[in-house]
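J.: sequence plus predicted model, see below.
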Amino acid sequence: MITEAQLLADIALVSEIILEHGEKYAPLLDRLEQELEARRRDDPINRARRHLQQLDRRDSSTQGAV
């Protein structure tokens, strides 16, 4: 199985290829980004962290309100 770190490395490589050789390689970047997002979205630990961060931000923004 490909790790998230490998996906990020692949995204960096494909990004360099696109800058060097053009947009014809953009579908590779699209696919890698979709895979990365799917993994991040589906990981319950990351989702739980995101929910708590959003809650913390809301609480911080309302603490100064009178």
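T.: Sure thing, it's come through.

J.: for Ser15, list the residues it contacts.
T.: Ser15 makes contacts with Leu29, as judged by CB atoms under 8 Å, 6 or more residues apart in numbering. Every residue, glycine included, has its C-beta placed from N, CA and C.

J.: so which strand or helix has the residue nearest the centre of the chain?
T.: Of all residues in the chain, the one closest to the mean position by CA atoms, centre = their mean is Glu37, 5.0 Å from it. Applying DSSP states H and E as the criterion places Glu37 in helix 26-42.

J.: okay, how far is it across stretch 16-27, tip to tip?
T.: Using CA to CA, to the nearest Å, the end-to-end distance of stretch 16-27 comes to 14 Å.

J.: the lengthiest helix in the chain vs helix 26-42, what angle?
T.: For the chain, the helix with the greatest residue count under DSSP state H is helix 44-63. Here helix 44-63 runs at an angle of 80 degrees relative to helix 26-42 (axes from the mean of the first three to the mean of the last three CA atoms, to 10 degrees).

J.: low-confidence ranges, this protein, go.
T.: Within the chain, the stretches with pLDDT under 70 are 64-66.

J.: hmm, try it at 90
T.: The chain contains residues with pLDDT under 90 at 1-2, 38-50, 56-66.

J.: rewinding a little: for the longest helix of the chain, output the C-alpha coordinates as PDB.
T.: Output of helix 44-63 as PDB, limited to C-alpha atoms (Å, rounded to 0.1, in the frame of the first residue of the first chain):
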ATOM      1  CA  PRO A  44     -11.200   8.900  11.300                       C
ATOM      2  CA  ILE A  45      -8.300  10.300  13.300                       C
ATOM      3  CA  ASN A  46      -7.800  13.200  10.900                       C
ATOM      4  CA  ARG A  47     -11.500  13.800  10.700                       C
ATOM      5  CA  ALA A  48     -11.800  13.900  14.500                       C
ATOM      6  CA  ARG A  49      -8.900  16.300  14.700                       C
ATOM      7  CA  ARG A  50     -10.500  18.600  12.100                       C
ATOM      8  CA  HIS A  51     -13.800  18.600  14.000                       C
ATOM      9  CA  LEU A  52     -12.100  19.600  17.200                       C
ATOM     10  CA  GLN A  53     -10.000  22.200  15.600                       C
ATOM     11  CA  GLN A  54     -13.100  23.800  14.000                       C
ATOM     12  CA  LEU A  55     -14.800  23.700  17.400                       C
ATOM     13  CA  ASP A  56     -11.800  25.400  19.100                       C
ATOM     14  CA  ARG A  57     -11.800  28.100  16.400                       C
ATOM     15  CA  ARG A  58     -15.500  28.800  17.000                       C
ATOM     16  CA  ASP A  59     -15.000  28.900  20.700                       C
ATOM     17  CA  SER A  60     -12.000  31.300  20.400                       C
ATOM     18  CA  SER A  61     -13.900  33.600  18.100                       C
ATOM     19  CA  THR A  62     -16.900  33.900  20.400                       C
ATOM     20  CA  GLN A  63     -14.900  34.400  23.700                       C
END
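
J.: many thanks, have a good one.
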